[in-house]
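Colleague: Quick one: sequence plus predicted model below, questions after.
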Amino acid sequence: MTQHATQDSVNSHAISLTVSGLANSLNIPVDTIRHYVRIGLLKPFKDPNNGYKRFSKKDQQRLIFIVQAKQLGFSLQDIQTILHQAEEGQSPCPTVRSIIEDRMIEVAQKIAAMQAMYQQMQDAMTKWQHQPDCMPTGDHICRLIEDFSNQSGDRCHE
């Protein structure tokens, strides 16, 4: 590479940050950024003077996008797909809409499962309020849990 080409490369990345500088600028763990580099979400350039990875303003903006997408429930694979489409000059918006619809269904299912678990916990607490504490034996550890689905009630003295 010529001296001129090296200088042009440095100039195209005039505002550059180290991994720790990028991490500190966005309050993100360094290891997270390194992971994003390993999987190709971020593509830093190498400083010609020392070989260190450096991040441009564009990388910083891309990392902000990644954080925003994750906050909306997009997986790293989803984000890779979205970024690839954008890099290819395609609008990722239809894909984004489709993915978010799928994520909404998944979240609704998780909410329903959590509500069912919460109800089960409430039922357990109601049942357990009037049951005595039992000592563990060779046959059981905690009768509250072991007898929860069994409607027989107090089996401490069996």
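Modeller: Structure's in. What do you need?

Colleague: Near residue 73, how many other residues are there?
Modeller: Neighbour count for residue 73, taken as other Cβ atoms under 10 Å: 14. Heads up, the C-betas are built off the backbone N, CA and C, glycines and all.

Colleague: Looking at this structure, which strand is longest?
Modeller: Secondary structure assigned by DSSP state E gives strand 53-56 as the longest strand of the chain.

Colleague: Now do whatever helix or strand residue 67 lives in: everything it contacts.
Modeller: Element membership of residue 67 [criterion: DSSP states H and E] is helix 57-71. Applying Cβ atoms under 8 Å, 6 or more residues apart in numbering, the external contacts of helix 57-71 come out as 15, 17, 22, 25-26, 28, 33, 36, 41-44, 55, 76, 78-79, 82-83.

Colleague: Which of those fall within helices?
Modeller: Those of the contacts of helix 57-71 mapping onto helices are 22, 25, 26, 33, 36, 76, 78, 79, 82, 83, per DSSP state H.

Colleague: Give me the most central residue, this protein.
Modeller: In the chain, the residue lying closest to the centroid (Cα atoms, centre = their mean) is residue 70, at 6.3 Å.

Colleague: now the ones in helices among the contacts of helix 57-71: which count as buried?
Modeller: 22, 33, 36, 78, 79, 82, 83 (16 or more other Cβ atoms under 10 Å).

Colleague: for the lengthiest helix in the chain, packing partners?
Modeller: For the chain, the longest helix by residue count, based on DSSP H, is helix 93-128. Identification of packing neighbours for helix 93-128 by 3 or more Cβ pairs under 8 Å, 6 or more residues apart in numbering; DSSP states H and E yields helix 76-87.

Colleague: do that again at 10 Å, thanks
Modeller: helix 57-71, helix 76-87, helix 143-146 (3 or more Cβ pairs under 10 Å, 6 or more residues apart in numbering; DSSP states H and E).
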